[in-house]
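[1] Sequence and predicted structure are below.
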Amino acid sequence: MANAVSQSASQAKPWPAVSLAEARAILTAPGSRFEMEEKLIRGVNTRVWKHAPPTLRDVFLAGMAHGERVFLVHEEERASYCAFSRAALALAHALIEAGVRKGDRVAIAMRNLPEWPAAFFGALLAGAIATPLNAWWTGAELEYALKDSGAKIAFVDAERFERIVEHWPNCPQLERIYVCRDEEEIAHPKVAKLEDMLGRVRDWNCCRTARRRRSLSNPTMTPRSSTRQAPPAIPRARSARTAI
């Protein structure tokens, strides 16, 4: 037995099997999926992946191809690529209807929730500049970021909303805040719950357009029927390099 173990150990492959440099060379070799090349970006020669999707819109479309496979997991919640796509598209159309235009900043301040990527891609697909904020920041730090970025819209979770609300008067460009996962009623006329439009994560497969539930531009709009239809059309987005 001891001899067998000793023989097995002597035959074991060395670790690591290849060096980091060798692995990088294999992965980025000409003709490989991760082949690299140099491109001039804003006057600077930069190494980039040759076959990378040219825009974040293309990244989004690639994700849609995975259909009903699970994409987002949060505790007991699950959202497929298809459900996520519906949510992001619904947000994009709602933002456009609410007056968001190309170049407007849309801030996102929340912990790692399924709503985070939905808000991020929803903003990009609407042509806005998604502006992620550090969820660990204090109210004063979030205020500085909102003012400095000139955010017009903010998507936040309940905890970030509590930190931001007293600082909101100091952010004149911030027109509206959308809050997710806040169980309390919010009476502020410029605050709406994200669930009033998208529903909870388990409802995302039923998302259709911004009119599926309450409109972002009119939180008092009466919800319409929940008949499932095809996802809304994908708005044309800006390039991946200029969208963030």
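    It's in. Numbers count the residues shown, from 1 in each chain.
[2] Name the next helix or strand following the longest helix seen in the chain along the chain.
    Secondary structure of the chain per DSSP state H: the longest helix is helix 81-97. Going down the chain from helix 81-97, the next helix or strand is strand 105-109, by DSSP states H and E.
[3] What's the local residue count around residue 181?
    18 (other CB atoms under 10 Å). Using the backbone N, CA and C atoms, a C-beta is placed for each residue, glycine as well.
[4] So it versus residue 99, what's the distance?
    Distance, residue 181 to residue 99, using CB to CB, to the nearest Å: 25 Å.
[5] Also residue 110?
    23 Å.
[6] ok, those two, which is more surrounded?
    Neighbour count, other CB under 10 Å: between residue 110 and residue 99, residue 110 has more, with 23 against 13.
[7] Please tell me I have it right and that one contacts residue 180.
    Yes. At 6.8 Å, residue 110 counts as touching residue 180 under the criterion of CB atoms under 8 Å.
[8] Give me the three-state assignment for the most centrally placed residue in the chain.
    Geometric centre of the chain, nearest residue: residue 117, 2.2 Å, by CA atoms, centre = their mean. With DSSP: H, G, I helix; E, B strand; the rest coil as the basis, residue 117 sits in helix.
[9] Please tell me the pLDDT value assigned to it.
    If you check residue 117, the pLDDT there is 97.
[10] returning to what we had before: how big is the angle separating the longest helix of the chain from strand 105-109?
    Counting by axes from the mean of the first three to the mean of the last three CA atoms, to 10 degrees, helix 81-97 lies at 130 degrees to strand 105-109.
[11] helices and strands around helix 81-97, which ones?
    Here helix 81-97 touches helix 56-64, strand 70-74, helix 115-125, helix 195-198, going by 3 or more CB pairs under 8 Å, 6 or more residues apart in numbering; DSSP states H and E.
[12] rank those by pLDDT, which is bottom?
    Note on the helices and strands packed on helix 81-97: helix 195-198 shows the lowest mean pLDDT, a mean of 90.
[13] closest one to residue 83 among the helices and strands packed on helix 81-97?
    Proximity to residue 83 (CB to CB) singles out strand 70-74 among the helices and strands packed on helix 81-97, at 7.8 Å.
[14] gap between that closest one and the chain center?
    Here the centre of strand 70-74 is set off from its chain's centre by 13 Å, with CA atoms, centre = their mean, to the nearest Å.
[15] Neighbouring strands - and their directions - for that strand?
    Under the criterion DSSP bridges, strand 70-74 sits next to strand 77-80 (antiparallel) in its sheet.
[16] Report the buried residues of the partner strand.
    Buried positions in strand 77-80, judged by neighbour count with 16 or more other CB atoms under 10 Å: 79-80.
[17] Could I get the full set of strands for the protein?
    36-41, 44-49, 70-74, 77-80, 105-109, 129-132, 153-157, 176-180, 191-193 (DSSP state E).
[18] just checking, what packs against the shortest one?
    Put plainly, it is strand 191-193. strand 176-180.
[19] Tell me the predicted confidence for the closest residue to residue 103 other than its chain neighbours.
    Distances taken as CB to CB, 6 or more residues apart in numbering place residue 129 nearest to residue 103, at 6.4 Å, with adjacent residues excluded. If you check residue 129, the pLDDT there is 97.
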